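In: Below: sequence and its predicted model.
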Amino acid sequence: MAKARSQYVCQECGANSRQYFGKCPFCGSWNSLVEETVQETTSKGLGNTVGEARTALLHKQADAPGDEPRPLAALTLPEITDQNFTRLSSGYGELDRVLGGGIVPGSLVLVGGDPGIGKSTLLLQVANVMGRSHTVLYVCAEESGQQVKLRAQRLGVGQIAAPVSKPPKKSSKSGSKAKPRNPQDFYVLPETDLETILTELGALRPQVAVIDSIQALYFSALNSAPGSVAQVRECTSALMHVAKRDNITLLIVGHVTKEGAIAGPKVLEHLVDTVLYFEGDRFASHRLLRSVKNRFGATQELGIFEMADQGLTEVLNPSELFMGNGDEEVPGIATIVACEGTRPLVVELQALVSPTSYASPRRTATGIEYNRLLQILAVLEKRVGIPLSKLDAYVASSGGLAVAEPAADLGVAVAVAASFRDRIVNPSTVLIGEVGLGGQVRTVSQMERRLKEAAKLGFTRAIIPAAAAVPDVEMDIVQVKRVVDAIGTALSA
């Protein structure tokens, strides 16, 4: 007989303990231990374990060929070509850019973000576009089919037919001819039970499936509640097995915690192939889609969307979004070129320096790393002679873009110095470089790409480190060795 016992599982790291702790002894998170009931089995009752229950569930599907190990040399290019391993276009260039050029068949893509940021909206629009050329199954675990239909009508998505609770099974006869594609091969499945979802995936065999969301699914062999560490881990593992075996692309929505991380165990991010974060300010209309893990492309790529009445639209020229009003000349404004992945973005930085009313001056950073700002302010006081220890300093990036790379150091230093001296930096000048603790200006990567982006947008002068290689661009390039030289050059004209 199986004996029930209680254990406490950390919802952050997945560690378990026999007693409750206010602070997890493994990851240090507070109030993250949740009591769960598990079944202890004896040697005669091993058939009731969760592992065998999951194995039995997965073996309900038809066995896929090619499970045996093969030499690496046997995996030739003609074999890959015959299986048609080509990237699928999502219909949105910004999303394809973040994914590294498109969606890889059979991959798992996890999309996380704050509530109401637009995760379900984006995936519903992507599913609608891909449903015109591929079979798509949209598993709505948090909504009914009618609610998805209403949301689709609001977004102007006309590809969804009436909600389908049981997608029709495809014929498995080897001699049968392929049926002509239905222009509405977009099926909706309102379901939370993992076994039912896997059964429908095996029956329909879609090229793309959307799971909205993974925290709402549950596996009946587990006694824990949906969204717990055990449920998220088991459901994701089962979906990954089916996706890799049947070559189904899975787009999974994941909730985030109040700290902004994906809810559930960290193993969830290790299981999937790509992790995307949807970011944005609730007071702004634009949304940033950032890649933090990608097995098939570069990480830290950035896609930019704008939330409108008809859903999310792509921003074709994102540099204009992060540039202020260039016609208005105001002291304390400098322009930099930041690189998010392989994409250069021209960003305007604003600084304000004013006398403090307190014994300890205030430092406020919006879009700039706070510790980086403190370091730059210390360099300006020590190496340039600006008495910032008696002044409040406020620095912000235009458009709310978070700029964390060192290439923004020189722009921050010049903007603070310009505000202190009440001088105007030439609006046609860009500043690129890292500021060292000794006051030197160091070179950064992708200099040629940054300068070409600035020249394309009409900038005529660039202040860069002396050690950087000067590319062939139609700009006046000024190379400096120290931050004091960069400030003098930027404020002289």
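Out: Everything's here; your move.

In: Averaged pLDDT, stretch 290-308. What do you get?
Out: Averaging pLDDT along stretch 290-308 gives 90.

In: Sheet-wise, list the partners of the strand ranked longest in the chain with their directions.
Out: What stands out as the longest strand in the chain, according to DSSP state E, is strand 343-355. Counting by DSSP bridges, the strands paired with strand 343-355 are strand 333-340 (antiparallel), strand 391-397 (antiparallel).

In: what's downstream of the last one, the next helix or strand?
Out: Beyond strand 391-397 in the direction of the C-terminus, DSSP states H and E gives the next helix or strand as helix 409-421.

In: which ones are touching Leu108?
Out: Shown in contact with Leu108 (C-beta atoms under 8 Å, 6 or more residues apart in numbering): 236, 239-240, 243, 250, 252, 271-274. For the C-beta atoms, the positions are set from N, CA and C on the backbone; glycine is no exception.

In: What distance do you get for it to Ile214?
Out: Separation of Leu108 from Ile214 (C-beta to C-beta, to the nearest Å): 10 Å.

In: Glu474 now?
Out: Distance from Glu474 to Ile214, by C-beta to C-beta: 50 Å.

In: The two - which one has more neighbours?
Out: Neighbours were counted for Glu474 and for Ile214 using other C-beta atoms under 10 Å; Ile214 has more, 27 against 9.

In: Skipping its backbone neighbours, what lies nearest the more buried one in space?
Out: In this structure, Ile214 finds its nearest non-sequential neighbour in Ile252, 5.1 Å apart by C-beta to C-beta, 6 or more residues apart in numbering.

In: The one you found: what secondary structure?
Out: Taken by DSSP: H, G, I helix; E, B strand; the rest coil, the conformation at Ile252 corresponds to strand.

In: same check, this time on Thr489
Out: Three-state call for Thr489 (three-state DSSP): helix.

In: Repeat that for Asp485.
Out: Judged by three-state DSSP, the three-state class of Asp485 is helix.

In: Once you drop chain neighbours, what's closest to it?
Out: Leaving aside its sequence neighbours, Asp485 sits nearest to Val441 (C-beta to C-beta, 6+ apart; 7.9 Å).

In: ditto for Pro355
Out: In this structure, Pro355 finds its nearest non-sequential neighbour in Leu391, 6.1 Å apart by C-beta to C-beta, 6+ apart.

In: before we move on, what about Val256?
Out: That would be Gly112: by C-beta to C-beta, 6+ apart, it lies 5.0 Å from Val256.

In: Go ahead and confirm that neighbour touches Lys119.
Out: Yes. Counting by C-beta atoms under 8 Å, Gly112 does reach Lys119; the two are 7.4 Å apart.

In: what's the overlap in contacts for the two?
Out: Residues touching both Gly112 and Lys119 (C-beta under 8 Å, 6+ apart) are 253, 278.

In: Tell me who's in contact with Glu434.
Out: If you count contacts by C-beta under 8 Å, 6+ apart, Glu434 has them with 406-407, 409-410, 441-444, 465.

In: Pull the longest strand of the chain out as CSV, backbone CA atoms only.
Out: The C-alpha trace of strand 343-355 is given here as CSV (Å, rounded to 0.1, in the frame of the first residue of the first chain):
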residue,chain,number,x,y,z
ARG,A,343,21.1,45.3,-33.2
PRO,A,344,22.5,48.9,-32.7
LEU,A,345,20.1,51.4,-31.2
VAL,A,346,20.6,55.1,-31.0
VAL,A,347,19.5,56.2,-27.5
GLU,A,348,19.3,59.7,-26.0
LEU,A,349,20.6,60.1,-22.4
GLN,A,350,19.4,62.9,-20.1
ALA,A,351,21.2,64.1,-17.0
LEU,A,352,20.3,66.7,-14.4
VAL,A,353,22.7,68.0,-11.7
SER,A,354,21.5,70.3,-9.0
PRO,A,355,22.6,71.4,-5.5
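
In: Taking helix 409-421 as reference, get the angle to that strand.
Out: 30 degrees (axes from the mean of the first three to the mean of the last three C-alpha atoms, to 10 degrees).

In: just to revisit the earlier point, possible to save the contacts of Glu434 as TSV with pLDDT?
Out: Putting the contacts of Glu434 into TSV (pLDDT from 0 to 100) gives the following:
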residue	pLDDT
Pro406	93
Ala407	94
Asp409	96
Leu410	97
Val441	97
Arg442	96
Thr443	94
Val444	94
Pro465	96
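
In: so which of these comes closest to Arg132?
Out: Closest approach between the contacts of Glu434 and Arg132, by C-beta to C-beta: Ala407, at 40.9 Å.

In: which residues are common contacts for Leu108 and Ile214?
Out: Contact criterion C-beta under 8 Å, 6+ apart; residues shared by Leu108 and Ile214: 236, 239, 252.

In: now the residues you listed as JSON lines including pLDDT?
Out: JSON lines is the format used below for the shared contacts of Leu108 and Ile214 (pLDDT from 0 to 100):
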{"residue": "Thr236", "pLDDT": "92"}
{"residue": "Leu239", "pLDDT": "94"}
{"residue": "Ile252", "pLDDT": "96"}
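
In: and which of these is nearest Ser17?
Out: Thr236 (22.9 Å).

In: before we move on, back to that, for the helix or strand hosting the residue nearest to Val256, list every residue counted as buried.
Out: According to DSSP H and E, Gly112 maps onto strand 108-113. Residues of strand 108-113 classed as buried: 108-113 (neighbour count, 16 or more other C-beta atoms under 10 Å).

In: What of stretch 146-154?
Out: Neighbour-count burial for stretch 146-154, with 16+ other C-beta under 10 Å as criterion, is recorded at 148-149, 151-152.

In: what's the answer for stretch 238-255, then?
Out: Neighbour counts over stretch 238-255 (16+ other C-beta under 10 Å) mark 238-243, 245-255 as buried.

In: Same question for stretch 458-475.
Out: Buried residues in stretch 458-475, defined by neighbour count with 16+ other C-beta under 10 Å: 459, 461-465, 468, 473, 475.

In: out of these, what pair is the most spread apart?
Out: So, those by C-beta to C-beta: farthest apart are Phe459 and Pro465, at 17.3 Å.
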